[in-house]
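K.L.:
quick one: sequence and predicted model below, then my questions.
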Amino acid sequence: MLQWVEASGQGTIYSYVIAHEALRGWTGEVPYVVAIIELAEGGPHMISNIVGTPFDRIKIGMPVKVFLEPAGEEISLPKFRAAHEA
């Protein structure tokens with residue numbers, strides 16, 4: 001069952017991949033990191049990007065914190081960065 005859950009915005013990297021080929025709409029972004037984030041509340045996971053951290057420093061289990069990146073006038077996307085860089 002799906003449901004809305006209020007979350008702290010903190011979590012850890014559960015898994016990730018570095019994309020080197022652009023999907024439609026992401027051509028100016030390659031390479032970029034797509035990660036599964038295990039939220040601190042235990043249980044919920046979400047897929048997002050890791051930004052602002054050199055690729056060689058990204059590790060499974062690394063603590064991350066969410067921030068909202070504007071993607072238009074009325075839309076912001078949740079993205080993550082290393083917790084110590086937030």
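P.N.:
Alright, I've got the coordinates.
K.L.:
C-alpha only now, for contacts and for neighbours.
P.N.:
OK.
K.L.:
enumerate the positions of the longest strand seen in the chain that are buried.
P.N.:
If each strand of the chain is counted by residues according to DSSP state E, the longest one is strand 10-19. Within strand 10-19, the residues that qualify as buried by neighbour count (16 or more other Cα atoms under 10 Å) are 10, 11, 12, 13, 14, 16.
K.L.:
which element is the closest residue to the last one other than its chain neighbours on?
P.N.:
Counting by Cα to Cα, 6 or more residues apart in numbering, residue 16 lies nearest to residue 35, which is 4.0 Å off, once chain neighbours are set aside. Here residue 35 is covered by strand 32-39, with elements defined by DSSP states H and E.
K.L.:
who's in contact with the next helix-or-strand element following that strand?
P.N.:
Along the chain past strand 32-39, the next helix or strand (assigned with DSSP H and E) turns out to be strand 45-50. Residues external to strand 45-50 that are found in contact with it (Cα atoms under 8 Å, 6 or more residues apart in numbering): 32-39, 78-82.
K.L.:
and the average pLDDT for strand 45-50 is what?
P.N.:
Taken as a whole, strand 45-50 carries a mean pLDDT of 95.
K.L.:
angle of that strand against strand 32-39?
P.N.:
Direction vectors for strand 45-50 and strand 32-39, defined by axes from the mean of the first three to the mean of the last three Cα atoms, to 10 degrees, enclose an angle of 140 degrees.
K.L.:
what's downstream of strand 45-50, the next helix or strand?
P.N.:
Assigned by DSSP H and E, the successor of strand 45-50 is strand 63-70.
K.L.:
tell me the one among the buried residues of strand 10-19 nearest to residue 71.
P.N.:
The shortest distance between residue 71 and any of the buried residues of strand 10-19, using Cα to Cα, involves residue 10 and amounts to 21.3 Å.
K.L.:
how near is that closest one to residue 46?
P.N.:
Plainly put, residue 10 is 11 Å away from residue 46 if you go by Cα to Cα, to the nearest Å.
K.L.:
joint contacts of these two?
P.N.:
Counting by Cα under 8 Å, 6+ apart, the shared contacts of residue 10 and residue 46 are residue 39.
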